[in-house]
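>>> Okay, predicted coordinates and the sequence, questions at the end:
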Amino acid sequence: MAAEALASTLLTKVMKNIAAKWWIISIVVLIGGLFGWSKLLQSSDPGVIAQKGIHWHPRLEIYIKGEKIEIPENIGIGAVHQPVHTHDDLPIIHLEFGGVVREKDLELGNFFRNWGKDMRSFGNNMRMTVNGAESTEFGDYMMRDGDKIELHYE
C-alpha cells in the first residue's frame, strides 16, 4: 500500500513537471513566433528601404534665374540632430538613419522642412532635374545615394 502511494505521488510530480515544461516551451515558441512574424511584416513592407539604417549622400543645387544660391551649412544640426541635414561639404545632403528607413523619410521635402523653407518660395516656374533627367516629383522625390538634384526657378 505504501509503495503504491509513493508511486502515485512520484507519478503525479512527474506529470506536473512535464505539464510545466510544455507550458514553458509553448510560451517560448509563441513569443518567438510573434517576434518572427513582426520581423516578417516589417521586411515585407514595400515602403521600407532599409532595416538597419543608411548613410547616403545626394547632392542638391538650387538656381534662381540661372544664379546658383548657397545652401547653408548645418541645416538640421542643433539640439536635435535631424537624420536629413547638411555639414560644411555642400552641396551634399546627408541622409543618416540608424534604424528602419521608409521611403517617406527620404523625400526631398523633408530637407526643406528641416531648413524651415517652402520649396516653392524661391520663385516661379520651378523645374527639377535628377541625374540630368526632368522630374516632376519635387518634394515627394525619394532621394538616393549619389543623386544630383537641381532645382531651377525663374
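Looks like it arrived, so ask away. Numbering: from 1, shown residues only.
>>> if I pick the residue lying closest to R127 once chain neighbours are set aside, what's in contact with it?
Take R127 and drop its neighbours on the chain: the residue closest to it by C-beta to C-beta, 6 or more residues apart in numbering is H152, 4.5 Å away. Where C-beta positions appear, they are placed from N, C-alpha and C, glycine not excepted. Residues in contact with H152, defined by C-beta atoms under 8 Å, 6 or more residues apart in numbering, are Y63, G66, M126, R127, M128, T129.
>>> What of L60?
I71, P91, I93, L108, F111, I149, E150, L151.
>>> and with 10 Å instead?
71, 86, 90-93, 108, 111-112, 143, 147-151 (C-beta atoms under 10 Å, 6 or more residues apart in numbering).
>>> what two of those residues are the furthest from one another?
F112 and K148 (17.4 Å; C-beta to C-beta).
>>> residues near K68, how many?
11 (other C-beta atoms under 10 Å).
>>> That one falls within a strand, correct?
Yes. The assignment for K68 is a strand, going by DSSP: H, G, I helix; E, B strand; the rest coil.
>>> thinking again about what came up before, and the residue nearest to R127, bridged to which residues?
In this entry, H152 is beta-bridged to Y63, R127, by DSSP bridges.
>>> how far away is it from D89?
To D89, H152 is 23 Å away according to C-beta to C-beta, to the nearest Å.
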